[in-house]
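1. I'll drop the sequence and a predicted model, then ask my questions.
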Amino acid sequence: MATTAVPAAQRVIELHADKTQRAVVHTDEVEWTPSPSAGVFRRMIERSGGEVARASTIVRFDPHREFSRHTHAGGEEFLVLDGVWQDDYGVFPVGSYVSPLVAPRPQTASVRLRTTLVMMVGL
């Protein structure tokens with residue numbers, strides 16, 4: 001009997017997802033993994049779900065790369081660690097923290113990046 005592989009976009013990842021357990025992650029020891037967007041890499045810290053998930057991630061962008069439009073039901077917050085983040089809502093230099101908007105429907109954004117490193121939390 002042959003098995004069918006699950007496409008990467010449909011895989012569910014449970015990483016430090018049990019909030020009743022303490023998790024300590026040394027992010028410099030976590031390998032960069034490619035995202036579905038070319039030139040965009042992630043160090044996954046916490047994740048519960050598939051490609052669209054509740055997740056805490058450090059994201060690294062190669063120069064002039066874009067992150068595809070996506071949605072998180074609770075919004076997305078981020079801290080710019082290096083470079084500049086630019087999306088539908090503005091331009092945010094290093095040190096900028098942006099919290100998610102409270103809205104009646106999930107927020108989406110098209111991200112055009114001139115940045116290299118961002119800490120993101122999808123809620």
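-> The structure has been received and is ready for your questions. A quick note: this is a predicted structure, and the numbers were derived from the prediction, not measured. Numbering: from 1, shown residues only.

2. ranges for the strands of this structure?
-> Listed in chain order, the strands of the chain (DSSP state E) span 13-15, 33-34, 40-49, 53-61, 66-72, 76-87, 90-93, 97-98, 107-112, 114-122.

3. show me what counts as buried in the longest one.
-> Of the residues in strand 76-87, those with enough neighbours to count as buried (16 or more other C-beta atoms under 10 Å) are 76-81, 83, 85-87. C-beta here means a position set from N, CA and C on the backbone, and glycine is covered the same way.

4. just to revisit the earlier point, the strands of the chain: lowest mean pLDDT?
-> Ranked by mean pLDDT, the strands of the chain bottom out at strand 107-112, which scores a mean of 50.

5. ok, Trp32 - how many residues close by?
-> Per other C-beta atoms under 10 Å, the neighbour tally for Trp32 reads 13.

6. output the buried residues of strand 76-87 in JSON lines; the columns should cover distance to Arg65.
-> Listed next are the buried residues of strand 76-87 as JSON lines, based on distance: C-beta to C-beta, whole Å:
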{"residue": "Glu76", "distance to Arg65": "17"}
{"residue": "Glu77", "distance to Arg65": "21"}
{"residue": "Phe78", "distance to Arg65": "16"}
{"residue": "Leu79", "distance to Arg65": "19"}
{"residue": "Val80", "distance to Arg65": "15"}
{"residue": "Leu81", "distance to Arg65": "16"}
{"residue": "Gly83", "distance to Arg65": "11"}
{"residue": "Trp85", "distance to Arg65": "12"}
{"residue": "Gln86", "distance to Arg65": "12"}
{"residue": "Asp87", "distance to Arg65": "13"}
